[in-house]
Each structure stands twice: as C-alpha cells, then as structure tokens.
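Chemist: sequence and computational prediction follow.
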Amino acid sequence: MLKNLTKNRWKFAIIPALIIVVGAIFGFIHKSNEGFFNFDVEFIGGTRMEIDLKQEFSNDEVAQLVQESTPENVNAVVQKGNNDTTVIIKVPSLGNAPAAAENTAAEGTEDAASETSQIRTVDDEMRTNIINALKEKYQITDDNIISVNSASASFGKEVQTKAILFTLIAIACILIYIAIRFEWRSAVMAVIALAINVLIMASVYTITYIPLNTTFIAAMLTVIGYSINNTIVIFDRIRENMKMRKKNETISEMTDRSILETMGRTINSTITTLITIVLIYILGASTIKDFALPLIVGIIAGAYTSIFLASTFWAVWKESDIQAKALAAQDRRNAKKNK
Amino acid sequence: MKNKSIATLTIVVLAAILLNYVAFFGINVGNFEYGGMFGNNGIKKGIDLAGGSVITFQAVEKDANGNKIGDIVPSTEDMTSLKGIFDLRMQAEGYTEARISSSDDGKITVEIPEMQDTDAAAELLGTTAKLTFNDADGNVILDAGTDLKSASYEFGATEQGTAATHHVKVEFNPDARQKFADATRAAAARVSEGKNYIAIVKDGEIVSQPSVSKEIDESSCVITGQFTADSARQLANQIQSGSLPVDLEIAGANKVGAELGPDALKNSIIAAAIGLLLIMIFMVAMYRLPGLIADISLLIYIGLMGLIMGLFHFNLSLSGIAGIVLSIGMAVDADCIIFERVKEEMRLGKTIRASVMSGFDKAFSAIFDSNVTTIITCIVLILSKISTITGFAWTLGIGVILSMFTAIVITKFLMKQLLGIGIENRNLFCPAKAKKGGAEVNA
C-alpha cells in the first residue's frame, strides 16, 4: 500500500474522513445540550471570572454553587485555573440564552438599546450572585478576585468574521501564487488539503470540547502555513521529475516516486516542528495546552494530507485530463481521416 | 586551505555564541547598553502574559447639556487623532505598551498591560477634556485647543503668604495673551454686578472660578482649585494632549489577570530551549556532519531572531509564541530539504563536493516557493490589523525570512568551509541505510 500511493489514494482518505465525521457527530451531540463548539465567552459575549479560592476545591462543588446562583437556562463553565486554588468561571451573557435570544431577534432595532441595558443589569446581578456565593462558602474577600472580565458578543463576532475574511484572502493569494508557479490543478489540490486540515482541527475542538477562542485562529493559521509548506515541497519535486520523466513512466508512478523521494524531508521536518510544540504541551499551563493540542493534531494532519492526498489526487486528475486531451486529439485525427 | 577552513568555522561558532549571549543576556559596552530580549528595553509582554486593564469606550453624540443623544461611529480622521491622544495621555503616565483597537460600530478598546487601577485609566482616557475660559455670561474667551501653548503640573504657593497648593500652569499663545488681558479688564470692571470673575470650564463643569480685580497681561496663568496632586497632574496631561474629537462613554472597564498564568512565558522559554536542544541532537543523528552545520546555522538564527524581537520591542503574546515555535520548526526545514538532496546525489555516486553543490542548487526552488507562500500569508494577516493575529504574523514572517537567509547563505558558507577541510569519509555526510537491497553507493 505504501508503494502505490496513488492507487490507494481513496484508502488514505478514509482516516481523515473518519476523524471529520466523528468530529461532526460529537458536534451534534454537544449541540443538543450546549452548542456545536464550546465557544469561549469572548466569542459569544459574557463574563469570565478568575478567583483565588485560597484552598483546593472540587470543580463539581463550585459548578453546583454557580448553578444555584444563576437562572436555570444559563450554562456556566467552571475550570481549574493555573494552580490548584484558582477557579475560572465563564458565564455566557443572558442575551445568548435561547429564550432571551429569540426575544431580541423578534423586537425591532429601536428597542435594542433598552434591551441591551436590560441584559447588562441581569448579567451584573448574576455576577454579583456568583461572587457572593463563593465569598460565603470559601471565606474570601474582594482581594481574592483576580479578574472579572465581561466581553460583548459583537466585538468577538467582529474579530471572528474579520479573521476568517483575511484568512480566506490569504488562501486566495496562495492559490494564485501556486497556480502561477506550478499549475492550477496543484493550487486547487493544495487548498483542498488545507481545508481538510482545518476541518480535522475543528474536529479536535468538538471531540475534546476545549473552549474555542481567538487562540483557535492562531492555531489554524499555524497549521495552514505549515501544511502549505509541506504540500509545496512535494509539488516542487513533482514539477522537477515531470521535466525528466521517462516515456514509459506514468504520471501516477512519477508522483509516487516524488512523494517517496521527499518522504525523508517531510517526516524529519515534521518531527522537528512537533518537538517544540509537544514540549510546550507538556510544560504549559492549561490554556496553553488547549492551544498546543489542536496544533499537534493539525501538524500531523498537515503532513498526512500532503503525503497521501494532495499529490495523489492531483496525479489522477492530471492523468485523466491528459487522457481526455489525447482522446480528443485522436477523435480529431479520425474525423480528418474520414473526410 | 584546511587550516583556514577550520579557523573560519571556529570563528563562526564563537560569533554565534556571542550573538546569542547578547540577544538574551544583553550587552554593556561604553555608551551602549542593552538588557537582552527579556530585559527592560527588550520585548513587551502582551496582556495575556502580564495581565492589566481592558477598557472599552463607545463614541457617543451629546447635546449641549452633555446628555447622550445616541451612539455614533467616528470618522477615520477622528479615530486617528483619538488614538494619538490616547497614546500621549498614556505615555505621560508611563504606560507605553498599550494596544488600541477600534471596531466598526464606534467601539474603541484599549488594553494596557500591567495597569492595575482600571478606573483611573478609564477616567484618564475617557475624559473629553474640552477646556474653555469663559466670562460671567458664559461667552468663551479662550479655548484650550487653540489658545494654550502648554500645560504643566506645579506644586507651591501661587501668591506670597498663601499655603502651597497643587495647581496647573498654562502658557498662552501670543494672541491669546491679548484676548485674556482684554477679558480680565472687562471682568474687573463688572465688580458692581458681582460678575467680576472668569470661569474655567472642563467638559461643562466649572473647575475653578477665580475673581478678577485688575487686568492680567501675562504670558501664563495658573489654574487653582480643589486639586490633589494626581488630579492636577491629570488635568495638565489632558490639556497637554488635547481634547478628544468625539465624546466617549465607558462601555466596559475590566482588570484582567495574566490569562496564560504567571509562569507561561518562563515555561514557554524552557520548552523552547529543551526543544532546541532536541532538534540539534536530532539533526546530527539524521545528517551527521551537515547536521552539525545546520545546528550552527540554527544557533545564529535564534540569536538574530532574539535580537530583532528585543531591539524592535516586539509585543509578545500567545500567538507570537506560536509564530516563533513554528518558525523554529521551519528554520531547520530548509536544511532538511538541502541535506536530503545531498544524500540523494551521493547515492547516485557523485563526489561529496559535487553532491553538496548540486544539493543546494536543486533544493532552492522548493525552499523559495514554500517560504514565499508563507510570507504571502503573513503579509495578508499583518494587513488585517487584528492585534492577536498580527503578532503571530510578524514573528512568523520575520522568522521565515531569517530562516531562508540562514539556510541559503550561512549554511552554504559553512558547508563550503567543511568541504575545505577535505573530509573523505562519506559516512559522515550520508549515513548508509541499514536496509538491505537498497541501491546504496556508499564507499
């Protein structure tokens, strides 16, 4: 199977497809309770509190306390902070809870202003309730509140849309560059491979349900940069081998040869990149772990799609195009003869 | 030839070590003092590494009485001057590392790393600080925006025999001096009406209302009032930086902790250092002598990167760390491409020298194309101006350009020196594969 990469290309496609399907299934399971992704408060709007409880605590206990101090339809997230005594509590703004969200959408823009101020006071009240409950239970004072940060959903949404927009522009520019330096089929395949990598990373977020925030954007960009790099090195070898292709070697065979010739480099540079990220995963605090894990998966996926998918599918596509051209030429010749 | 090559290699290694020492621990030679990348004048820590204050303002329109009419979106021009004024006000308070971003609906977010007093910061930045000198009928005599040259905080007695107070001294522009003289003469004449005073009004509120007994024809005057040292200093700062072109309302003011934890930076540095060491060992294991050359190049790369980030005061946050990590991985990537090529050439039976030379030639297009696409991505992302993303894009972009330079120029130069030594053992360049039946041509 490893010798005939092009022939077995669909088999290689099974693994990424499976991961994406599993990711989607997890997403839909989560969606029925909380949401497809675990959007951080900076994306959906809400309050993020970091409080030093001055003692070790159990997550469930705090979660129960938070649940008691908030209305029933609020799904707060309780996490351990960077040491055992700090807790991070994320409470989505009430404006995003299902019931209230419908309300806002139904009403006109004129009422929106008064609506926001209404929401804000409800959020304030919720926040005070939680803090008071914690103060009572854990005997802490205002000094133990490390940070209270409220984010408006509109701001996070804007960053999100803008980030996606500029990522798409960047991808479009890459597409044009590859189409000029190589050929348009290579460009299309490189971008498809890239899209698969991003989907696999998104699956990591649904499967592990780690919070999705602006660090996702940084992780996604890293993987895009990395996987394009890998794909191009292989395409470069194909471009070179294509020039000196023997008559009896098919494009599929030549592609397989090119992939195998560059395999040493692909594996070695993937290992060197992984070394630093795995170390950051091991040594980093929880927030950095949440960032490093999708990166590790994304970089492995980037190498995988570059080796097994991008150029193999390109080869078959190219071959069928050449065949179609040859057939068309044959037809033309036949037509001429028949005249 | 041989001795010269060995000498050159030694010098380069020593230079690489010195470069790294300067980049990370600093240098102190004569008048030039640099505290290293993590020193006081090195990189800036982003708010996620250091914590600080995040304040969000909304631009609003107010009527004459200062009541809010509604939200507005300031023009690009207003936004630019707003950012300039914010910068001035924060610099005067010693916060040079703040990041200001604006959104399309008129919200302005200011992130000030290491700032603890959020309320004071919100007050300092959000005040319009439109200051006027009015007569008793409310007519504007002087406008601080056009008529005042400078403002400064002072402490001391304003008149002989009185107690020392905190006050603000303002300097008039030349024609303002005349206007002020005329106004004080007019005011002094209205003593019978009880209107012999000048009111100094800031954003609709009277700061101070001194009575006037005679014409004052001087190039400066002092504003006294119920000031503390801080409030007087703040007023001076606000007059000096100018009034905001639009009114602002505080939409949110929050103190944030170091989101990534207090040890995030330290741990990332440790991870990077161990990672670097492992990569170096890996390169030698895979590529033998050329691997060692790649390690020297990598060391030079790390030193240059640290020096650039420190000297240009890069703002380092999580995404920046990601960019660095990726660029370290990519830095050896170019070396991998070259050395794999060299191995292939040697397996075809070429001499060491010919293999190294054609290895560099053939690897160039792959290195160039793969790095150009990354640079394109970085440029687009820098243009996006999203703060978390631009940090990533700058570190990655500079890293990629530097790594191209170290791989193509420095590695090549060092490899030539290595060839100059004249090592004959092919195993030191191309380890024979253990696999049987391979087309190995190793002598």
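Modeler: Structure's in. What do you need?
Chemist: from here on, contacts and neighbour counts on C-alpha atoms
Modeler: Fine.
Chemist: immediately after the helix or strand containing A:Ile15, which helix or strand?
Modeler: According to DSSP states H and E, A:Ile15 maps onto helix A:9-33. Of the helices and strands lying after helix A:9-33 in sequence (DSSP H and E), the nearest is helix A:41-44.
Chemist: quick one: that following helix to chain centroid distance?
Modeler: 16 Å (CA atoms, centre = their mean, to the nearest Å).
Chemist: please apply the same query to stretch B:197-211.
Modeler: 39 Å.
Chemist: could you list the buried residues of the helix holding A:Ile15?
Modeler: A:9, A:12, A:16, A:19-20, A:22-28, A:30 (16 or more other CA atoms under 10 Å in any protein chain shown).
Chemist: what's that helix packed up against?
Modeler: Contacts defined by 3 or more CA pairs under 8 Å, 6 or more residues apart in numbering or on different chains; DSSP states H and E place helix A:9-33 against helix A:184-208.
Chemist: hmm, the helix it packs on touching chain B?
Modeler: No - contact of helix A:184-208 with chain B (CA under 8 Å from any CA of the partner chain) is absent, the minimum separation being 11.5 Å.
Chemist: quick one on the thing from earlier: now do the helix holding A:Ile15 against helix A:184-208: the angle between them, please.
Modeler: Computed with axes from the mean of the first three to the mean of the last three CA atoms, to 10 degrees, the direction of helix A:9-33 lies at 40 degrees from that of helix A:184-208.
Chemist: any idea how far the residue in the stretch 201-339 of chain A that chain B sits nearest to is from B:Asn196?
Modeler: Nearest residue of the stretch 201-339 of chain A to chain B (CA to the nearest CA) works out as A:Thr273 at 4.0 Å. The gap separating A:Thr273 from B:Asn196 is 77 Å, by CA to CA, to the nearest Å.
Chemist: which of those two has more neighbours?
Modeler: Neighbour count, other CA atoms under 10 Å in any protein chain shown: between A:Thr273 and B:Asn196, A:Thr273 has more, with 25 against 22.
Chemist: per-residue confidence for that one?
Modeler: Note on A:Thr273: pLDDT of 88.
Chemist: so it: helix, strand or coil?
Modeler: helix (DSSP: H, G, I helix; E, B strand; the rest coil).
Chemist: so where is the stretch 151-300 of chain A shaky, pLDDT-wise?
Modeler: Residue ranges of the stretch 151-300 of chain A with pLDDT under 70: A:151-157, A:285-287.
Chemist: list the residues that contact A:Asp52.
Modeler: A:Thr85, A:Thr86, A:Val87, A:Asn144, A:Ile145, A:Ile146 (CA atoms under 8 Å, 6 or more residues apart in numbering or on different chains).
Chemist: got it, and B:Tyr197?
Modeler: With CA under 8 Å, 6+ apart, B:Tyr197 has these contacts: B:Asp135, B:Ala136, B:Ala187, B:Ala188, B:Gln209, B:Pro210, B:Ser211, B:Val212.
Chemist: before we move on, which element is the fourth one in?
Modeler: Assessed by DSSP H and E, B:Ala188 sits inside helix B:174-189.
Chemist: quick one: residues in contact with that helix.
Modeler: Residues outside helix B:174-189 that contact it (CA under 8 Å, 6+ apart): B:135-136, B:141-142, B:147-148, B:195-198, B:212-220.
Chemist: ditto for stretch A:231-243
Modeler: Here stretch A:231-243 has contacts from A:182, A:186, A:190, A:251, A:254-255, A:258-259, A:262, A:306-307, A:310-311, B:365-367, B:369-370, using CA under 8 Å, 6+ apart.
Chemist: ok, B:Met404 - contacts?
Modeler: B:Ala331, B:Ala334, B:Ile367, B:Phe368, B:Asn371.
Chemist: hmm, the third one is touching B:Asp335, no?
Modeler: No - counting by CA atoms under 8 Å, B:Asp335 is not a contact partner of B:Ile367; they are 9.2 Å apart.
Chemist: out of the two, which sits in the more crowded spot?
Modeler: More crowded of B:Ile367 and B:Asp335, by other CA under 10 Å: B:Asp335, with 32 against 23.
Chemist: narrow the contacts of B:Met404 to those that are buried.
Modeler: Among these, those classed as buried by 16+ other CA under 10 Å are B:Ala331, B:Ala334, B:Ile367, B:Asn371.
Chemist: possible to save these as TSV with secondary structure and distance to B:Gln234?
Modeler: Below are the buried ones among the contacts of B:Met404 laid out as TSV (DSSP: H, G, I helix; E, B strand; the rest coil; distance: CA to CA, whole Å):
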residue	secondary structure	distance to B:Gln234
B:Ala331	helix	49
B:Ala334	helix	54
B:Ile367	helix	55
B:Asn371	helix	49
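Chemist: what residues go with each domain of chain A?
Modeler: According to automatic domain parsing, chain A comprises the domains A:9-30+A:155-328, A:46-151.
Chemist: break chain B into its domains for me.
Modeler: B:2-43+B:261-428, B:52-256.
Chemist: least confident of these, on average?
Modeler: Minimum mean pLDDT among the domains of chain B: domain B:52-256, a mean of 79.
Chemist: mind telling me what element the residue of chain B found nearest chain A is part of?
Modeler: Chain A sits closest to B:Gly329 of chain B, with a gap of 4.0 Å, by CA to the nearest CA. Taking DSSP H and E as the criterion, B:Gly329 maps to helix B:318-347.
Chemist: tell me where the chain has helices.
Modeler: In the absence of a named chain, chain A is used. A:9-33, A:41-44, A:59-69, A:98-106, A:112-138, A:153-181, A:184-208, A:214-243, A:251-283, A:286-304, A:311-338 (DSSP state H).
Chemist: I was after chain B.
Modeler: B:2-25, B:47-50, B:76-92, B:118-126, B:144-147, B:174-189, B:229-241, B:264-311, B:318-347, B:352-384, B:387-405, B:412-421.
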